[in-house]
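Student: what shape does this take:
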Amino acid sequence: MHGLFVTGTDTGVGKTFVTTGLARLLSDRGFHVGVMKPVETGCHRCGDDLVPADAVQLATAVGGHQKLSSVCLYRFEAPLAPDTAARQEGRSIDPAVILNSFRKIAASHDIVLVEGAGGLLVPIWERYTMADLASDIGFPLLVVAASRLGAVSHTLLTLEYARFRGLPVVAYVLNQLSSGIDAAMSTNADLLARSTEVPCAGVIEWSPTEGNRGAATAASAVSRAISVDGLLSTG
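Tutor: Got it, this is the predicted structure:
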């Protein structure tokens, strides 16, 4: 496996948590892991700088050997789709810049994990979407879904669109975002397993430490739910 493109069924489903955990686990196994979150919106302002919190987590997970500017090339303050956030700031996004940076990272690392923003059809710039970026990068997808009411439809729609676009999917992950287990959360995994041939890599259970988004916490949660060897063998 040379890498994964981590996408989600929606925003706020736990893509960064999963990617952070995988990055730390693979680094701990001795792989030289590169990470990217090419575009991040909703960045918080610190003086004259915009801090991409997700990208910071990814960079920290692999030991901080990458410059943050290579992990996240485009940062925007407004929590909007990249195209809209860029236009509000009078800026533009060039996919060629992202792909050029990706190739440099890929050439100097064993494995690269690329985290998208939102879902596959989020516009990056004009009609160029996250799906287009995933296609250009060429890595198989790992789909992260929040295990809640609506997860089945959202996951199947994402998988179906990936199939339509010819984007290979290694697996999907169900991520529990709250402590309460309702009827949907307790049945999502079984219904999805009966509805698609795409395998479920695992169900990440909520824990009291979920609020701690550090790399060690993420790695522990991911390792309990996902077989990294399985991803390595199928990616």
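Student: wait, C72 touches A55, no?
Tutor: Yes - with contact defined as Cβ atoms under 8 Å, C72 reaches A55; the gap is 3.6 Å. Glycine gets a C-beta too; all of them are placed from N, C-alpha and C.
Student: give me the common contacts of the two.
Tutor: 37, 40 (Cβ atoms under 8 Å, 6 or more residues apart in numbering).
Student: the helices in this structure, which residues?
Tutor: Taking DSSP state H as the test, the helices found in the chain are 15-28, 53-61, 68-71, 82-88, 95-107, 130-137, 151-165, 183-195, 215-225, 228-234.
Student: outside of the first one itself, list whatever touches it.
Tutor: By Cβ under 8 Å, 6+ apart, the residues outside helix 15-28 that reach it are 4, 6-8, 33, 35, 37, 54, 57-58, 61-63, 111, 113, 115-116, 142, 144, 173, 175, 204, 213, 215-216, 218-223, 226, 228, 231.
Student: check the fifth one too.
Tutor: Counting contacts by Cβ under 8 Å, 6+ apart, the residues outside helix 95-107 that touch it are 2-3, 34, 36, 38-39, 66, 70, 73-74, 112, 114, 124-125, 128, 132-133, 136-137.
Student: show the buried residues in these.
Tutor: 3, 34, 36, 38-39, 66, 70, 73-74, 112, 114, 124-125, 128, 132-133, 137 (16 or more other Cβ atoms under 10 Å).
Student: residues near V97, how many?
Tutor: 12 (other Cβ atoms under 10 Å).
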